[in-house]
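Chemist: What would the 3D arrangement of this be:
(chains A and B)
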Amino acid sequence: MSEIIAVKEFIIENFLFGEEEQLLLDTDFFDEGIIDSTGVIELVSFLEERFNISVDDEELIPENLSSLQNINLFLQKKLNKKDA
Amino acid sequence: MCGIAGIVNLGHQQPIALDALKRMVSIQQYRGPDETGAYFDDYIGLAHARLSIIDLKDGTQPIHNEDKSLWIIYNGEVFNYPELRQELTKCGHKFYTTSDTEVILHLYEEKGTNCLNQLNGQFAFAIWNSKKRTLFLARDRVGILPLHYTIHNQRLYFASEIKAIFANKEIIRSVDLESLDQIFTFWTTLPGKTVFNYIKELPPAHYMSVSPHEIKIDKYWDINFSSNTETLKIKGDDLVNEISETLMDSVKIRLRADVPVGTYLSGGLDSSALTETVKKNFNNELRSFGVRFENKDYDEGYFQNEMVDFLKVNHSEIIASNDAIGENLENVLWHTEKPLLRTGPIPLYILSGLVNQSGYKVVLTGEGADEIFGGYDIFKEAKIRNFWAKDPDSKLRPLLLGRLYPYIFKDDRLKQTLIAFFKNGIDNPDDPFFSHNIRWKNTSKIKNFFSEQVKDSIKDYNSYSELKKLLPANYFDWDTVSKSQFLESLIFLSNYLLSSQGDRVAMAHSVELRVPYLDHRVIELLGKVNSEIKINGLNEKYLLKQVFKNRLPSNIVKRWKNPYRAPIHKALLSNNLNLVKEFCSEDAINKTGIFDSVKVLKLINKLGKLDKAGEFDEMALIGIISTQIIHKNFIEDFNATRFESDNFDQFYDYRSINDKLKKVF
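Modeler: Below is the predicted model:
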């Protein structure tokens, strides 16, 4: 769970500029316009660097990245694979 | 073109001070550096700063009719004035100049407010009837030229530019938060609004009638798009020929001037077509002017050079560096008089400086072709999203967007998230703002940077409801593309393209822009053409391309349309400039009180570290800095008495106080 706290902090700092209230676990970044296409690159670069993972092109789909909840599931999968 | 200003006493008032009108003209003198003139009686003061283009010798304003009961001050050009003058002469009108100004005055005398329907041009003027004590203010159909007004203490103040009204220290200067809400939604204010409380703009195609008893504002023309039932009968080659002839005549009458006329040439279809039309048909010695960018991502030099070689035109260009864009931001905002979400006006401000130095006062430009002929990506995007909305689960339909934005869709990593972005709203294709809503929603996020106090003040304000009031009754019968064309024309064309990126940055260097694609005959003709023909499949401006397919290199006709844009974060956050330090320090932000300084500093900090910034972050950055600059220069530091000037070159003084003085002395 500590991973998702770090992701949340990153999103609040970089896309919401400190505004925490509108970000819930299931808030859809694309529906709410929180992250645009350039934002996706920023987010993925952060995930790769911070958690030392590599995100493949085919993994760049809304199902993996559209909310904190989805990122959490995706991250757990990636991290488990790395450990295995 | 010129600058106009006036003050009218609506009640029993002190006489109007001569100095007030002198200041109002002086502060916008760049609009008319050649000469000044004024008319005064006990009820009104009218003043004018002239940029001489037609009738250089005798066109000094104000101009009067035969019995000196009607007086006009006028900013603009009426291109069909020779034909109108002939008709008026037949009706017995006598002229003492060869100017277009005098033609308007006599046409008004003949037809009253209906005179507007016969004018083909760009204008903002005031006609005073000294016998009836009525004033008639009018603005051209699409809002090429500005006209602002306010009423304060039973006086009507009006002027081409807002700063001229502010040159009267009794006028209150403050930012209108509802207007800021509009700017941070639609990219500019809606017609009629300015960013300042109490200061209004006469909307395009409107006139104001002022009498001692009432002030009335009416509309005299509508921009219209075809419904399915009333499309034009002519089709195919006949239609292409008719457009070609109308455009040719539009250009021809826009070359009427007693000074040389140049063109702006960007290398895009619209300006290339205009430059070709002038060079090949009317003026072999034509000079053209263009913008180049230091940053290659924005530069159109390849196509510009191709056109210069093809036409052998005498071309001059400026190179807009990032630093030059940043350095000129403050100057440009002095002229645009409203915050910006783009830096596009700045290179054009630098370009008009070159035009002025080259001894030119008039240029033709390609503005309006995208709105009228259907050129913008947003129209095609609406078409694709509308098609997708009919089968929202389709995997193939959204891929058409890739043909529209190949430069972003080529990145496979982004494809799926982009599709998610464009999917927004496709469950509601009947939304009146279906085409624009995703953009406006994205822009509106900038309002998160507002301070708590500002958020609280506008929490009940809804700019969408204001916009809905401006939609014509048959709007809902139009197809998606026509609706989208209307929204672009209503909001972005007059209040941004023709203003912030048009008249204001050209007149800053005393240069008049003329826009042949916005001749009302062209607009009305294309308004009757079905949008399926305007955008043939996904081929934008199909009819314009048909007109020019054998007249321009195929590279230019077939090229991918590149939207005109200029760098933002690299220009504004340059280490060589102090823009952030001066206008966006924590103290400066808190003093203005519009934005939340913590969030703004986080944004600046983030952008300072990025080599490539996202569109939203860039828009927020320029929006915030430009609002701060507008606040500082028009509200905090504005000094109304700083602008003194010499006496008027031409002065008609009908104040009764003079008769009394004459008797005393």
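
Chemist: Would you mind listing what in chain A touches chain B?
Modeler: Within chain A, the residues that sit near chain B (CB under 8 Å from any CB of the partner chain) are A:13-14, A:16-19, A:30-31, A:33-42, A:44, A:57, A:60-62, A:65-66. Where C-beta positions appear, they are placed from N, C-alpha and C, glycine not excepted.

Chemist: Show me which of these are buried.
Modeler: Buried residues within those, counting neighbours by 16 or more other CB atoms under 10 Å in any protein chain shown: A:14, A:16-17, A:19, A:30-31, A:33-42, A:44, A:60-62, A:65-66.

Chemist: which element is the spatially most central residue of chain A on?
Modeler: Compute the mean C-alpha point of chain A, and by CA atoms, centre = their mean the closest residue is residue A:71, 4.7 Å away. For residue A:71, the host element (DSSP states H and E) is helix A:68-83.

Chemist: Give the buried residues for that helix.
Modeler: A:68, A:70-72, A:74-75, A:78.

Chemist: Send over it as PDB, restricted to the C-alpha atoms.
Modeler: In PDB, the C-alpha atoms belonging to helix A:68-83 read as follows (Å, rounded to 0.1, in the frame of the first residue of the first chain):
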ATOM      1  CA  LEU A  68      -5.200   5.000  -8.200                       C
ATOM      2  CA  GLN A  69      -7.000   1.700  -7.700                       C
ATOM      3  CA  ASN A  70      -6.000   0.400 -11.200                       C
ATOM      4  CA  ILE A  71      -2.500   1.600 -10.800                       C
ATOM      5  CA  ASN A  72      -2.300  -0.200  -7.500                       C
ATOM      6  CA  LEU A  73      -3.400  -3.500  -9.000                       C
ATOM      7  CA  PHE A  74      -1.100  -3.000 -12.000                       C
ATOM      8  CA  LEU A  75       1.900  -2.100  -9.800                       C
ATOM      9  CA  GLN A  76       1.300  -5.100  -7.500                       C
ATOM     10  CA  LYS A  77       1.300  -7.400 -10.500                       C
ATOM     11  CA  LYS A  78       4.500  -5.800 -11.900                       C
ATOM     12  CA  LEU A  79       6.300  -5.900  -8.500                       C
ATOM     13  CA  ASN A  80       5.300  -9.500  -7.900                       C
ATOM     14  CA  LYS A  81       6.600 -10.500 -11.300                       C
ATOM     15  CA  LYS A  82       9.800  -8.800 -10.500                       C
ATOM     16  CA  ASP A  83      10.200 -10.600  -7.200                       C
END
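
Chemist: mean confidence for stretch B:149-166?
Modeler: For stretch B:149-166, mean pLDDT rounds to 97.

Chemist: Could you do stretch B:24-37 as well?
Modeler: For stretch B:24-37, the per-residue pLDDT averages 92.

Chemist: still on that earlier bit, go ahead and name everything in contact with the helix holding residue A:71.
Modeler: Helix A:68-83 is contacted by residues A:1, A:3-4, A:7-8, A:11, A:23-27, A:47, A:51-53, A:55, A:59, A:62-65 when judged by CB atoms under 8 Å, 6 or more residues apart in numbering or on different chains.

Chemist: Could you give the separation of that helix from the chain centroid?
Modeler: Distance, stretch centre to chain centre, for helix A:68-83: 10 Å (CA atoms, centre = their mean, to the nearest Å).

Chemist: so residue A:39 sits right up against residue B:612, yeah?
Modeler: No - using CB atoms under 8 Å, residue A:39 makes no contact with residue B:612, being 12.0 Å away.

Chemist: Let me know the helix or strand that whatever residue of chain A ends up closest to chain B is in.
Modeler: The minimum distance from chain A to chain B, using CB to the nearest CB, falls at residue A:38 (3.2 Å). Taking DSSP H and E as the criterion, residue A:38 maps to helix A:37-51.

Chemist: And that helix, what does it pack against?
Modeler: In terms of contacts (3 or more CB pairs under 8 Å, 6 or more residues apart in numbering or on different chains; DSSP states H and E), helix A:37-51 is packed against helix A:2-14, helix A:62-65, helix A:68-83, helix B:412-423, helix B:615-631.

Chemist: rewinding a little: now the buried residues of helix A:68-83 in a markdown table, with pLDDT?
Modeler: Shown next, in a markdown table, are the buried residues of helix A:68-83 (pLDDT from 0 to 100):
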| residue | pLDDT |
| --- | --- |
| A:68 | 96 |
| A:70 | 94 |
| A:71 | 96 |
| A:72 | 95 |
| A:74 | 94 |
| A:75 | 94 |
| A:78 | 90 |
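
Chemist: can I get those residues in TSV with distance to residue B:2?
Modeler: As requested, the buried residues of helix A:68-83 are exported to TSV (distance: CB to CB, whole Å):
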residue	distance to residue B:2
A:68	59
A:70	60
A:71	59
A:72	64
A:74	63
A:75	64
A:78	67
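
Chemist: and which of those is nearest to residue B:486?
Modeler: Set against residue B:486, the nearest of the buried residues of helix A:68-83 by CB to CB is residue A:70 (38.7 Å).

Chemist: burial count for residue B:253?
Modeler: 19 (other CB atoms under 10 Å in any protein chain shown).

Chemist: contacting residues for it?
Modeler: B:79-80, B:120.

Chemist: Go again with 6 Å.
Modeler: residue B:79 (CB atoms under 6 Å, 6 or more residues apart in numbering or on different chains).

Chemist: From residue B:519, how far off is it?
Modeler: Relative to residue B:519, residue B:253 is positioned 8 Å away (criterion: CB to CB, to the nearest Å).

Chemist: do the same with residue B:123
Modeler: Counting by CB to CB - residue B:123 and residue B:519 are separated by 13 Å.

Chemist: Looking at the two, which one has more neighbours?
Modeler: Neighbour count, other CB under 10 Å: between residue B:123 and residue B:519, residue B:519 has more, with 27 against 22.

Chemist: The closest residue in space to that one that isn't next to it in sequence: how many residues sit nearby?
Modeler: Distances taken as CB to CB, 6 or more residues apart in numbering or on different chains put residue B:250 closest to residue B:519, at 3.8 Å, once the chain neighbours are dropped. Counted with other CB under 10 Å, residues neighbouring residue B:250 total 23.

Chemist: Now the helix or strand that contains residue B:250 - C-alpha only, PDB.
Modeler: Following DSSP H and E, the helix or strand that holds residue B:250 is helix B:236-253. Extracted in PDB, the C-alpha atoms of helix B:236-253 (Å, rounded to 0.1, in the frame of the first residue of the first chain):
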ATOM      1  CA  GLY B 236     -19.900  21.000 -58.300                       C
ATOM      2  CA  ASP B 237     -18.000  23.200 -60.700                       C
ATOM      3  CA  ASP B 238     -20.600  26.000 -60.600                       C
ATOM      4  CA  LEU B 239     -20.300  26.300 -56.900                       C
ATOM      5  CA  VAL B 240     -16.500  26.300 -57.100                       C
ATOM      6  CA  ASN B 241     -16.600  29.000 -59.800                       C
ATOM      7  CA  GLU B 242     -19.000  31.100 -57.800                       C
ATOM      8  CA  ILE B 243     -16.700  30.900 -54.700                       C
ATOM      9  CA  SER B 244     -13.700  31.700 -56.900                       C
ATOM     10  CA  GLU B 245     -15.400  34.800 -58.300                       C
ATOM     11  CA  THR B 246     -16.700  36.000 -55.000                       C
ATOM     12  CA  LEU B 247     -13.200  35.600 -53.400                       C
ATOM     13  CA  MET B 248     -11.600  37.400 -56.400                       C
ATOM     14  CA  ASP B 249     -13.900  40.400 -56.000                       C
ATOM     15  CA  SER B 250     -13.400  40.300 -52.200                       C
ATOM     16  CA  VAL B 251      -9.600  40.600 -52.700                       C
ATOM     17  CA  LYS B 252     -10.000  43.200 -55.400                       C
ATOM     18  CA  ILE B 253     -12.000  45.600 -53.400                       C
END
